[in-house]
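Participant: Could you work out the structure for the sequence below:
(one chain, ligands or ions: 1)
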Amino acid sequence: MPNTVKKTRYVFILGSVLSGLGKGIVTVSIGKNLQVRGHDVQVCKIDPYLNLDAGTMNPTEHGETFVTQDGGELDVDFGHYERFLSINVSKKQNITTGQVYLNVIEKERRGDYLGQTVQVVPHVINEILRRVEEIDQNADTDVLLVEVGGTIGDIESYPFLEALRQLQRNHPEIEVCTVLLTYVPFPDHLSEHKTKPAQHSVRELRAAGIFPNIIVCRSDVSLTPKVISKIADFCDVPEHAVFDLPDLNNVFEAPQLLDNQGFGELVGKLLKLPAAQPEWTKMDKLVKYTLPNLDKKIVIGVPGKYTTLRDSYISVNEALKHAGWQMGYDVELQHINTEQFEKDEDFIKILDEVDGILVPGGFGDRGTEGKIKAIKYARENKIPFLGICLGFQLAVVEYTRNVIGIQDAHSTEMDSTTEFPIIDILPEQKNITNLGGTMRLGGYDITLTKNTTLAKLYNAIHINERHRHRYEVNPDLIEKINDGELKFTGFWNNLAETFELLGHPYFIGTQYHPEFKSTPWAPSAPYMGLIKAIIEKKNLKIKSEKKR
Ligand code: GLN
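Facilitator: Presented below is the predicted three-dimensional model:
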């Protein structure tokens with residue numbers, strides 16, 4: 001067994017009874033409680049699925065793929081960690097069953113196990129431990145939060161629980177705090193809380209050799225002191241270690257709601273961290289001043305194809321909201337299935353009801369012509385518009401077709417035989433057959449043209465943003481469309497990264513995904529530009545921080 005654990009403290013976060021209780025919110029709440037007390041945190045997430053990462057998963061089932069600075073294609077939860085905690089997470093901080101087994105099997109094929117029978121115990125467990133410890137080595141942090149995906153009792157989580165048990169056993173010198181999130185139902189016909197599911201899940205966890213220090217309870221109705229005492233009794237934790245997390249208006253309330261019950265102090269004590277007064281001012285500004293005083297005035301239409309699951313475009317949704325909040329407005333999103341534009345000529349008029357349009361990223365042909373129609377409508381009717389990745393590419397196609405007049409122009413992703421492939425696959429992408437992890441991924445340096453709208457919004461000409469795509473504006477054809485109103489204003493080498501349309505209130509596209517770096521405290525520049533253009537167009541006021 002490798003023995004390389006540093007003196008990092010660990011918090012294990014586990015979920016029980018049912019999925020979807022908000023384990024990620026508990027993780028970031030722990031992180032925030034530690035940060036406001038002056039401690040650095042980093043996060044590791046264990047996903048018991050066999051995929052190597054979330055890159056090949058369907059966004060309508062699993063939510064968006066979040067892209068890290070180092071090019072990881074990860075689960076939506078990583079977006080929550082980065083946004084909420086303002087941290088940069090590496091792709092190595094995600095461990096999946098698939099990665100673990102692939103590595104063990106590759107080692108077996110190489111003969112690294114020297115004739116041993118390769119088994120879950122010890123080989124798979126050791127590989128999990130090796131990965132956790134590698135994260136520990138690389139993450140320069142006081143506390144590592146380790147969130148285990150799935151629910152206690154799932155067959156696939158067991159090797160991970162065993163690894164966490166061993167980690168504690170092999171390293172009695174490190175401080176560990178284990179937090180269990182559970183559900184305490186309040187059935188209407190009984191009108192009382194039932195604690196049995198919580199009791200059973202703790203029993204199951206103990207059987208795996210893991211003993212929770214803290215139990216966070218989700219319930220539709222706040223817990224009474226009597227219920228708290230019962231849970232404490234039957235789950236064998238002190239009463240002050242049982243926390244009530246009811247439904248909230250917004251998730252940003254969670255860290256302080258827990259802290260008001262003594263959460264931050266207890267986590268700090270269990271981790272043997274020096275006691276510190278929490279500094280909640282920055283959080284208070286958002287939770288107590290900005291969010292309760294928003295004007296709900298701005299509606300953004302998001303024509304896309306993944307319209308059935310809210311999480312499919314979650315970073316885009318969040319980035320729009322962050323930009324709105326910064327100026328005192330709530331942003332309402334209207335997700336529109338673009339296939340409707342293709343079926344029904346008049347449906348496009350729905351765009352008269354929105355203040356701005358954002359065409360997000362996407363893959364494949366379905367709904368493409370509908371998106372192009374929406375983009376044309378935004379351009380011709382001077383509706384503030386932002387095109388992201390596929391939205392950027394299709395805006396270039398729309399302009400080439402309808403302004404330059406080359407009707408056959410297209411992206412070779414949708415039409416491999418187009419005579420004017422204004423969007424084409426990168427030469428180095430042509431021979432790639434595997435879909436996972438092979439796109440142009442992660443952060444790249446971009447140079448913006450001086451004095452352009454984007455350079456002003458960023459207040460910089462050298463920027464770095466994240467990418468996830470295979471196709472590009474064709475460098476061989478760019479000159480043929482570049483001397484009209486549409487200007488390419490940002491580049492990485494010879495590849496176009498941004499465009500701006502002259503004579504339009506705001507018609508901007510980015511090949512990159514600026515939403516992945518947006519936080520409530522540092523909104524993304526192109527998103528700010530979109531909201532600002534709408535505010536100006538509607539003659540609204542930008543509300544200053546002071547007045548709020
Ligand atoms: N499908 C396009 C490409 O691969 C756009 C990808 C995206 O929008 N993320 O280039």
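
Participant: Pretty sure residue 423 sits in a helix.
Facilitator: No - with DSSP: H, G, I helix; E, B strand; the rest coil as the criterion, residue 423 is assigned strand and is not in a helix.

Participant: I'd say it and residue 412 touch.
Facilitator: Yes - if you go by Cβ atoms under 8 Å, residue 423 and residue 412 touch, sitting 6.9 Å apart. C-beta coordinates here come from the backbone N, C-alpha and C atoms, glycine included.

Participant: list the residues that contact both of those two?
Facilitator: Common neighbours of residue 423 and residue 412, counting by Cβ atoms under 8 Å, 6 or more residues apart in numbering, are residue 471.

Participant: What residue in the stretch 101-250 of the chain comes nearest to the ligand?
Facilitator: residue 149 (24.0 Å; Cβ to the nearest ligand atom).

Participant: repeat for the chain
Facilitator: residue 361 (2.6 Å).

Participant: Wasn't that residue part of a helix?
Facilitator: No - the assignment for residue 361 is coil, going by three-state DSSP, so no helix is present there.

Participant: burial count for it?
Facilitator: Number of residues near residue 361 (other Cβ atoms under 10 Å) recorded here: 25.

Participant: Show me what the helix or strand residue 335 falls within pairs with in its sheet, parallel or antiparallel.
Facilitator: Residue 335 is located in strand 329-337, with elements delineated by DSSP states H and E. Strands adjacent to strand 329-337 in the sheet, as given by DSSP bridges, are strand 295-304 (parallel).

Participant: Would you map the strands across the stretch 401-548 of the chain?
Facilitator: Using DSSP state E, counting those that start in this stretch, the strands found in the stretch 401-548 of the chain span residues 410-411, 421-425, 440-448, 462-469, 471-473, 486-492, 495-501, 507-510.

Participant: How many neighbouring residues does residue 107 have?
Facilitator: Using other Cβ under 10 Å, residue 107 is surrounded by 14 other residues.

Participant: Likewise for residue 90?
Facilitator: 18.

Participant: okay, it: pLDDT?
Facilitator: For residue 90, the pLDDT comes out at 96.

Participant: hang on, it packs against residue 68?
Facilitator: Yes - counting by Cβ under 8 Å, residue 90 touches residue 68, with 6.4 Å between them.

Participant: Most distant residue from the centre of the protein?
Facilitator: The outermost residue of the chain, judged against the average C-alpha position, is residue 115 (42.6 Å), by Cα atoms, centre = their mean.

Participant: Next, the buried residues of the helix or strand hosting residue 266.
Facilitator: Element membership for residue 266 (DSSP H and E) is helix 263-270. Of the residues in helix 263-270, 263, 264, 265, 266, 267, 268, 270 count as buried by neighbour count, 16 or more other Cβ atoms under 10 Å.

Participant: show me what contacts the residue lying closest to the second one once chain neighbours are set aside?
Facilitator: In other words, residue 264. Counting by Cβ to Cβ, 6 or more residues apart in numbering, residue 264 lies nearest to residue 33, which is 3.6 Å off, once chain neighbours are set aside. Residues near residue 33 by Cβ under 8 Å, 6+ apart: 255, 258, 259, 263, 264, 267, 268, 278.

Participant: Now do the helix or strand residue 33 falls within against helix 263-270, angle only.
Facilitator: Assigned by DSSP H and E, residue 33 belongs to helix 23-35. Between helix 23-35 and helix 263-270, the angle comes out at 70 degrees (axes from the mean of the first three to the mean of the last three Cα atoms, to 10 degrees).

Participant: what's the next helix or strand after helix 23-35 in contact with?
Facilitator: With elements assigned by DSSP H and E, the helix or strand that comes after helix 23-35 is strand 41-47. Contacts with strand 41-47, where a contact means Cβ under 8 Å, 6+ apart, come from 27, 30-31, 34-35, 54, 74-75, 77-78, 81, 85, 87, 89, 93-97, 128, 132, 135, 139, 141-150, 160.
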